[in-house]
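Trainee: got a structure for you, letters missing:
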Ligand code: 5RP
């Protein structure tokens, strides 16, 4: 049985979808609930095209009969609906718990609007309790991890923990064939500045900080009510 807060947020997001839209389709359990609901609307006659942010979302959407395309074919998207691991002040986000942060950021950046859907527990006073995912290339990953660690220390994070994400005893690989460092930081006082600083580290592909990208959020509470930010 799915989380009622996630379900409520996912269903409420359908109200933002209009016939003929090109949509970015997010990744994760909340985005999957939205894709399920969208699939039902498509079966009922809604015409949309979707650009999935992961292989998992592509497989789900395909199975539901949602027409898919590439960003190259679609051009600018009308709306992206995606989940988040943390939602902070100004709709700054941490994403990438599911490892899809790179495609998610490219798709969101190619959209006129990004709508975040999440259960209400994801709203925080400051980002950082959730370890920040940072996508890095495989080649020389240890040296990149050392540079990330040094950059974090230089930015004033005391004793940051930078850990290579593993799955089933092997390094986790993203859909783009990269690795992920999960960086436990405590509190992130300036998410936009951290995003810029980490993206300047050699070997880093992208960070899970989404600052100035999301335009709105729908938070679902355990009782099924929703709050719009
Ligand atoms: C995947 C993500 C997800 O949106 C994020 O991890 C939230 O997932 P969920 O809806 O399962 O809590 O960023 O890379």
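Mentor: Now that the structure is in, tell me what you want to look at. Keep in mind the model is a prediction, meaning the values are calculated, not measured.

Trainee: quick one, what contacts residue 114?
Mentor: 24, 79-82, 108, 210, 213-216 (C-beta atoms under 8 Å, 6 or more residues apart in numbering). Backbone N, C-alpha and C define where each C-beta goes, glycine included.

Trainee: and what of residue 79?
Mentor: Each residue near residue 79 by C-beta under 8 Å, 6+ apart is listed here: 16-17, 21, 23-24, 111-115.

Trainee: Now do the phi/psi pair for it.
Mentor: Residue 79 has phi and psi values of phi -160, psi 140 when expressed as degrees, to the nearest 10.

Trainee: So the closest residue to it other than its chain neighbours versus the ligand, what's the distance?
Mentor: Once its chain neighbours are removed from consideration, residue 79 has its nearest residue in residue 113; the separation is 5.1 Å (C-beta to C-beta, 6 or more residues apart in numbering). In this structure, residue 113 and the ligand are 17 Å apart, going by C-beta to the nearest ligand atom, to the nearest Å.

Trainee: any chance of the contacts of residue 79 in CSV, plus pLDDT and secondary structure?
Mentor: Formatted as CSV, the contacts of residue 79 follow (pLDDT from 0 to 100; DSSP: H, G, I helix; E, B strand; the rest coil):
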residue, pLDDT, secondary structure
16, 98, helix
17, 98, coil
21, 98, coil
23, 98, strand
24, 98, strand
111, 98, strand
112, 98, coil
113, 98, coil
114, 98, strand
115, 98, strand
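
Trainee: what's near enough to touch the most centrally placed residue in the chain?
Mentor: The C-alpha lying nearest the average C-alpha coordinate of the chain belongs to residue 95 (C-alpha atoms, centre = their mean; 4.0 Å). Residue 95 makes contacts with 82-85, 101, 104-105, 133, 208, 210, as judged by C-beta under 8 Å, 6+ apart.
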